[in-house]
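> Fold the following for me, if possible:
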Amino acid sequence: MPAARRSLALLTAVLLLPLTAVAQTPPSGAAVADTLPMSPAKSSPAQASAVPGDAALARVPAVRVQRAGAVVPGTPAEYNASITVRYGAAHPGAVLLLMPGFLGGAGSFDRLARTIVTLDPQVAVWAVDRRSNLLEPQELLAHATPSDLIRIVQEGLPVRSPASVPFMRDWGLDVTLRDWRVAVQEARTLTPNVFLGGHSLGGSLTGLYAAYDFGGYVGSTDLRGLVMLDGLPGVLADRPMNADQYRQGGLNALGPLPGLLQLDTQPYVDSLIFGPKLAAQADAQARLAALHPDDPAPTGGLTRFPATNLAAGLLQLEDRYALLPFLTLHTGAPTNAIEAPSFAALALGGRNSHWLVGPQDAARPVGWQDDPAAPTDGLDFVRRYWTPLADYSEWYFPNRLTLDVAAARSGTRGTPFESDMRVWYTAQLSAPILGIAAQNGVTREDMYREYAAGTHATLTTRTLPDATHLDIVAARSDQVARWILDWMRPLRR
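Take a look at the predicted model:
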């Protein structure tokens, strides 16, 4: 597929995720405990005996912790924060810190984190929320009544204007990594066995952190190893960027990128297919889907035709219907639905892409049927998309971070960005790496091998069969968790 067309397709598919899914949400505050147990999710008989059950996952202790982060001149003090949702023991034998992907929040790791801790209680998982999540009025969702949720699905919530958040233009790679380092340093006070990882863009940031120079201190120094889940440095930066493109804007694998000079008017991602308003609507739809999956979804919400709450949440996320199915979930199938080939999706490179027209029987809504053989349980997914601890999406994703990651690629030595983004030590990186690809995702094992060849790192790779990009962190299977734990075990001291 030509590069420009591939870029447009990738941008469209990635931006669709929070809109067509359903969402989780993190409240403000220094430490918030998770007190709401998950409702049981369905699983196949074969999996029920091998995978930790929902009751065991719900028993995993979790708390949201907010610490002072990197101090950025011009940023209000309350937003200079390092935020983690911590699963597991307060004094563990090992800590795995996980960074979410593009437009993602700490809630995207809820099932994976609980599974890891259930399988090995000596390991704690700390999922990262970037400081942008503090801009979200999550308390309005946390205390919303069902009628409130319906209204939010239909109307959204008030959106911060670009003029009200001028400080976001500084929230790029350096700030993100320095906020993350606060959590790494705290984890090191508990155990020497600290591992770093991430999903998608979070996998890219994992490698950049390890190679970063924090004023004479290399990021990998305090790490036992790196975990990259369907993402790695350079995967979202398919071409070098020059200084003029960085200032004026350019084109990357994620599509058009606003340059440094546009950040005052475009500080965060906001488009027809993703933005803070749509993210709020998706969060509310998530709560309705979790509470009343079979009830009719709000009219004028996320679907143009009658659908149940669960179907409204999952229809466009399902790999059969999204523009690029490998960036979606595989959970099941709609019921009472009329569909047609999606020629637009096929033209953009989609595989097996279809368009859902509406219900077959106009007297009934389009519903949703779970497939026990599919990687992810749709109902379990929506229940975890919004919790009192964390949101699956990041409403105000800073364009500066996307721009910086595109410019940094896998390292900045010898580039125009060397002094401002100190990704200097990729070639010297020796921390072991675990790269896990989703079979229908955005990486392959050979991509990890190509990246590792430019380092001194020992590489282990795995591929999750039949999985899409999001299945790798949301799947009902415990395979990814077991791969991570098996790889970590001999590295712990």
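
> What backbone torsions are found at residue 140?
phi -70, psi -30 (degrees, to the nearest 10).

> That one contacts residue 157, doesn't it?
Yes - in this structure, residue 140 is within contact of residue 157 by C-beta atoms under 8 Å, at 6.1 Å. Yep, even glycine has a C-beta here, placed from its N, CA and C like the rest.

> what about the two, which has more around it?
Neighbours per residue, other C-beta atoms under 10 Å: of residue 140 and residue 157, the larger number sits with residue 157, 20 against 16.

> Now do the SS call for that one.
Under the three-state scheme (DSSP: H, G, I helix; E, B strand; the rest coil), residue 157 adopts coil.

> does the nearest residue to it once chain neighbours are set aside sit in a helix or strand, and which one?
Excluding the flanking residues, the one nearest residue 157 by C-beta to C-beta, 6 or more residues apart in numbering is residue 280, at 4.2 Å. In the assignment (DSSP states H and E), residue 280 maps to helix 276-291.

> Output the contacting helices and strands for the following helix or strand past that helix.
Once the chain leaves helix 276-291, the next helix or strand it forms, by DSSP H and E, is helix 309-314. Judged by 3 or more C-beta pairs under 8 Å, 6 or more residues apart in numbering; DSSP states H and E, the packing partners of helix 309-314 are helix 276-291, strand 332-335, strand 367-370, helix 378-385.

> how much distance is there from the last one to the middle of the chain?
Relative to the chain's own centre, helix 378-385 is displaced by 14 Å; criterion: C-alpha atoms, centre = their mean, to the nearest Å.

> same question for that helix, mean pLDDT?
Averaged across helix 378-385, pLDDT comes to 95.

> that older thread, could I get the helices and strands packed on helix 309-314 as TSV with distance to residue 449 and mean neighbour count?
TSV is the format used below for those (distance: least, C-beta to C-beta, whole Å; neighbours: other C-beta atoms under 10 Å):
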stretch	distance to residue 449	mean neighbour count
helix 276-291	36	27
strand 332-335	34	20
strand 367-370	36	19
helix 378-385	31	27
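
> can you list the ones you listed in a markdown table and add distance to residue 484?
Formatted as a markdown table, those follow (distance: least, C-beta to C-beta, whole Å):
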| stretch | distance to residue 484 |
| --- | --- |
| helix 276-291 | 26 |
| strand 332-335 | 26 |
| strand 367-370 | 26 |
| helix 378-385 | 18 |
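
> Got phi/psi on residue 127?
According to degrees, to the nearest 10, residue 127 has phi -90, psi 140.

> For it, list each beta-bridge partner.
In this entry, residue 127 is beta-bridged to residue 85, residue 98, by DSSP bridges.

> Could you pull up the residues touching it?
Shown in contact with residue 127 (C-beta atoms under 8 Å, 6 or more residues apart in numbering): 84-87, 97-98, 100, 106-110, 113, 390.

> where does the stretch 301-450 of the chain have low pLDDT?
By pLDDT under 70, the weakly predicted segments of the stretch 301-450 of the chain are 322-327, 342-353.

> Let me see the ranges of the strands in it.
Taking DSSP state E, counting those that start in this stretch as the test, the strands found in the stretch 301-450 of the chain are 332-335, 337-341, 354-359, 367-370, 433-440.

> do you know which of those lies nearest residue 404?
Minimum separation from residue 404 across these (C-beta to C-beta) falls at strand 433-440, 22.0 Å.

> Tell me which of the strands of the stretch 301-450 of the chain sits most buried.
Across those, averaging neighbours per residue (mean count of other C-beta atoms under 10 Å) puts strand 433-440 on top, at a mean of 24.

> who touches that strand?
With contacts defined as C-beta under 8 Å, 6+ apart, strand 433-440 is touched by 197, 225-230, 232, 319, 325-326, 330, 443-445, 447-448, 451-452, 455, 457-469, 471-472, 480, 483-484, 487.

> The residues you listed, buried ones only, as a ChimeraX selection?
Of the contacts of strand 433-440, the buried ones go into a single ChimeraX selection, burial set by 16 or more other C-beta atoms under 10 Å:
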select :197,225,226,227,228,229,230,232,319,325,326,330,443,444,447,448,451,452,455,457,459,460,461,462,463,464,467,468,469,471,472,480,483,484,487
